[in-house]
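Asker: Below is the structure, and that's it, no one-letter string:
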């Protein structure tokens, strides 16, 4: 799968207030209501590792981050942007490394077609293709807010394999206010997804959970 999609226009969304009004108006179909924007952060830069030819440094230097319930979006001041689907994000955390505070994400780049999957699965090392994404806001105090909004939106898109394991009668209720920031031994803050996936991190930026 592609780690992200390059876009030139923002996807449709509504504010939380607009969403409440639309729901209260009893629309013909609730599925037609646009996704909710959970957080906007201006003056943000992003970094890919490995670098992306599709979205070079000139596009990544400055823009606005949109944490929408349907996808994570970064729109550059150049007019180009990227859209990241939440199931692609296998880990997200607050990093306070020496290089500077940021939101660190690992993006799954596993192949989509069957032939490519078989070649990857047949690899002796069984390495899953990953791309790292660092989101760096100019205002470092916004990291926790971005993290909480990202965690909430990611929880709306659970791993399909995990959903299959749940009983059909089980009900899931998600309360945005229930999210708490995790403080690790080295100022690490991992989401629930990040804790499960923390074995992917092999450097000293994050302490083991």
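Answerer: Great, that's in hand. Computed from a predicted model, the values in this text were never measured in an experiment.
Asker: From now on I want contacts and neighbour counts done on CA atoms only, so please keep to that.
Answerer: Will do.
Asker: what about the closest residue to residue 22 other than its chain neighbours, how many neighbours?
Answerer: Nearest residue to residue 22 in three dimensions, chain neighbours excluded: residue 33, at 7.3 Å (CA to CA, 6 or more residues apart in numbering). Number of residues near residue 33 (other CA atoms under 10 Å) recorded here: 16.
Asker: Kindly report the same for residue 98.
Answerer: A total of 7 residues lie near residue 98 under the criterion other CA under 10 Å.
Asker: same check, this time on residue 136
Answerer: What residue 136 shows, counting by other CA under 10 Å, is a neighbour count of 23.
Asker: Over to residue 148?
Answerer: For residue 148, the count of nearby residues is 20 (other CA under 10 Å).
Asker: distance of it from residue 105?
Answerer: 14 Å (CA to CA, to the nearest Å).
Asker: mind listing the helices for this structure?
Answerer: 16-24, 57-60, 114-121, 143-155, 160-165, 192-196 (DSSP state H).
Asker: Any chance you could list what contacts the second one?
Answerer: Outside helix 57-60, the residues within contact range by CA atoms under 8 Å, 6 or more residues apart in numbering are 45-47, 76-78, 80-81.
Asker: Flag the shaky bits of this structure, pLDDT-wise.
Answerer: Residue ranges of the chain with pLDDT under 70: 1, 112-127, 160-209.
Asker: can you pull out the strands in it?
Answerer: Secondary structure of the chain (DSSP state E): strands located at 5-7, 37-49, 63-68, 72-76, 81-84, 89-97, 100-108, 130-137, 189-190.
Asker: Same list (these) but as TSV, adding distance to residue 155.
Answerer: Shown next, in TSV, are these (distance: least, CA to CA, whole Å):
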stretch	distance to residue 155
strand 5-7	21
strand 37-49	13
strand 63-68	12
strand 72-76	13
strand 81-84	15
strand 89-97	11
strand 100-108	15
strand 130-137	19
strand 189-190	13
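Asker: which stretch among those strands comes nearest residue 154?
Answerer: With CA to CA as the criterion, residue 154 lies closest to strand 89-97 of the strands of the chain, at 8.1 Å.
Asker: angle of that closest one against strand 130-137?
Answerer: 50 degrees (axes from the mean of the first three to the mean of the last three CA atoms, to 10 degrees).
Asker: if we can go back for a sec, would you mind listing which of the contacts of helix 57-60 are buried?
Answerer: 45-47, 76, 80-81 (16 or more other CA atoms under 10 Å).
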